[in-house]
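Novice: mind folding the following:
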Amino acid sequence: MANPLPRPSILSIEPYVGGESKVEGANRVVKLSSNEGAFGVPPGAVTAMQRAAAEMHRYPDGGAAALRIAIGRKFGLDPARIVCGNGSDEIIQHLILAYGGEGTELVMSAHGFVMYDISGRYAGCRVIKVPEKNLMADVDAMIAACGPRTKLVFLANPNNPTGSMLPRGEVTRLRAGLRDDILLVLDSAYAEYVRHPDYDAGVELVDAGTNTVMTRTFSKVFGLGGVRLGWAYAGPEVIDVLNRVRGPFNVNAQAMAAGIGALEEEGWVEKSVVHNALWRGKLGDGLRELGLLVYPSEGNFLLVDFGDAARAKAADAALRGRGVIVRMVGAYSLPNCLRITVGTAEECMLVLEAVKAFVGGSAGA
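Specialist: Numbering: from 1, shown residues only. Below is the predicted model of the structure:
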């Protein structure tokens, strides 16, 4: 009996593997593999979700009006130009399916977020990964990679897993170098953590009417990775397309309530950003003192190069032996590296102690 076959591009997809959360036999696990916020969930989000639970038999507001208003108020944006999704991954997938498809091309940087590649293949696009310079997106090379069939260009800024950030001038230059009919998607999942003065998450380009979309998430600084909540800010034409293709109730009521509660948590973002900047610096300096290459990062994580794939794997095993889970990034063509989330002060110290023991042990081996 013949089996039904999917489109050939589907079978070229390597399934996404999330960060692990368990270590066999460990009494305590320190999970630093998924870039989750260091402080957990905002208390106001928990309270709001508990209240919403009493109404879970009701369908949610399909247009997420209250959440869009809250986002607009928080970031000074027009709620009519915001669409919410079941994580920003859903919005990214809708954009690719709506504007890409068979016979089109999607351009991304070589070490860009893997979901662009997965969603692009799902849509039937030819995905073009452009080499980077020192793990930084190469604007000129990305522009040069665009051809007549290019419909989408994706840029994570800051990028996951490298932590690199393009300043606003370079992003503007990228947009200016693209044809008007190419949609530029700026994935700004880590925007809240950026303290660099020459950074724009994408609002300026969207407001300039340059066929640009900015995507954002509640999964990082707002601590809501488990409820899956994201949003996009774009021009009216793109918003109209997203509203046509998204599910009628694509964001559940409890997630919307939690999002509003997180946005209203006084001082949450500020506290998180100050902590991240402090301990990202301390963790990075400590790892460099151990002789490791640590790439500059504007996110809530660090990319650490252990020199070769075998040593990186051994370091990962040594950390797991102490209950510390970080992320191997071979799927991003970075087998020599581990990505380490900036956790609490105690968790960062545990990482430094574990890596110090590994480096000392491997040096003496």
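Novice: roughly how far out does stretch 229-248 sit from the chain middle?
Specialist: 19 Å (C-alpha atoms, centre = their mean, to the nearest Å).
Novice: spatially central residue for the chain, please.
Specialist: residue 189 (4.6 Å; C-alpha atoms, centre = their mean).
Novice: pretty sure that residue contacts residue 88?
Specialist: Yes - taking C-beta atoms under 8 Å as the definition, residue 189 is a contact partner of residue 88 at 6.3 Å. Using the backbone N, CA and C atoms, a C-beta is placed for each residue, glycine as well.
Novice: overlap of the contact sets of those two?
Specialist: Shared contacts of residue 189 and residue 88 (C-beta atoms under 8 Å, 6 or more residues apart in numbering): 215-217, 219.
Novice: can you flag the buried ones in these?
Specialist: 215-217, 219 (16 or more other C-beta atoms under 10 Å).
Novice: out of the shared contacts of residue 189 and residue 88, the closest to residue 13 would be?
Specialist: Of all the shared contacts of residue 189 and residue 88, residue 13 sits closest to residue 215, with 20.7 Å by C-beta to C-beta.
Novice: how long is stretch 221-230 end to end?
Specialist: One end of stretch 221-230 to the other measures 12 Å (C-alpha to C-alpha, to the nearest Å).
Novice: continuing past the strand or helix carrying residue 340, what's the next helix or strand?
Specialist: Applying DSSP states H and E as the criterion places residue 340 in strand 337-341. Under the assignment DSSP H and E, the closest C-terminal helix or strand after strand 337-341 is helix 345-364.
Novice: for that next one, give me every contacting residue.
Specialist: Contacts for helix 345-364 (C-beta under 8 Å, 6+ apart): 30, 32, 38, 275, 279, 282-283, 286-287, 290-292, 311, 314-315, 318-319, 322, 324, 326, 340, 342-343.
Novice: derive a PyMOL selection command for the buried subset of those residues.
Specialist: To isolate the buried ones among these in PyMOL, judged by 16+ other C-beta under 10 Å, type:
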select buried, resi 30+32+38+275+279+283+286+287+292+311+314+315+318+319+322+324+326+340+342+343
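Novice: mind checking which of the contacts of helix 345-364 land in helices?
Specialist: Members of the contacts of helix 345-364 lying in helices (criterion: DSSP state H): 275, 279, 282-283, 286-287, 311, 314-315, 318-319.
Novice: and which of those residues is nearest residue 1?
Specialist: Nearest member of the ones in helices among the contacts of helix 345-364 to residue 1, counting by C-beta to C-beta, is residue 314, at 47.2 Å.
Novice: measure that closest one to residue 52 for me?
Specialist: 46 Å (C-beta to C-beta, to the nearest Å).
Novice: same deal with residue 18?
Specialist: Residue 18 is 26 Å from residue 52, by C-beta to C-beta.
Novice: between those two, which has more neighbouring residues?
Specialist: Neighbours per residue (other C-beta atoms under 10 Å) separate residue 18 from residue 52, with residue 52 holding more: 20 against 9.
Novice: who's in contact with the strand holding residue 340?
Specialist: 31-36, 38, 161, 283, 300-306, 312, 315-316, 319, 326-329, 351.
Novice: that one to helix 345-364, inter-axis angle?
Specialist: Going by axes from the mean of the first three to the mean of the last three C-alpha atoms, to 10 degrees, strand 337-341 is angled at 160 degrees with respect to helix 345-364.
Novice: strand 337-341 pairs with which strands, and in what direction?
Specialist: Paired neighbours of strand 337-341 in the sheet (DSSP bridges): strand 301-305 (antiparallel), strand 327-328 (antiparallel).
Novice: need the helix or strand of this protein with the lowest average pLDDT.
Specialist: Using mean pLDDT, DSSP states H and E, helix 345-364 stands out as the lowest-scoring helix or strand of the chain, at a mean of 89.
Novice: mind listing which of the shared contacts of residue 189 and residue 88 are in strands?
Specialist: When the shared contacts of residue 189 and residue 88 are checked against strands (DSSP state E), the matches are 215-217.
Novice: got those residues as JSON lines, with pLDDT and distance to residue 333 columns?
Specialist: Supplementary listing: those in JSON lines, determined by pLDDT from 0 to 100; distance: C-beta to C-beta, whole Å:
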{"residue": "215", "pLDDT": "98", "distance to residue 333": "23"}
{"residue": "216", "pLDDT": "98", "distance to residue 333": "26"}
{"residue": "217", "pLDDT": "98", "distance to residue 333": "24"}
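Novice: just send these back as CSV, with distance to residue 92 too.
Specialist: What follows is these, written out as CSV (distance: C-beta to C-beta, whole Å):
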residue, distance to residue 92
215, 6
216, 11
217, 10
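Novice: between these, which sits nearest residue 239?
Specialist: Distances from residue 239 to those, taken by C-beta to C-beta, are shortest for residue 215, at 12.7 Å.
Novice: would you mind confirming that the closest one makes contact with residue 90?
Specialist: No - with contact defined as C-beta under 8 Å, residue 215 does not reach residue 90; the gap is 10.0 Å.
Novice: common neighbours of the two, please.
Specialist: Common neighbours of residue 215 and residue 90 (C-beta under 8 Å, 6+ apart) are residue 230.
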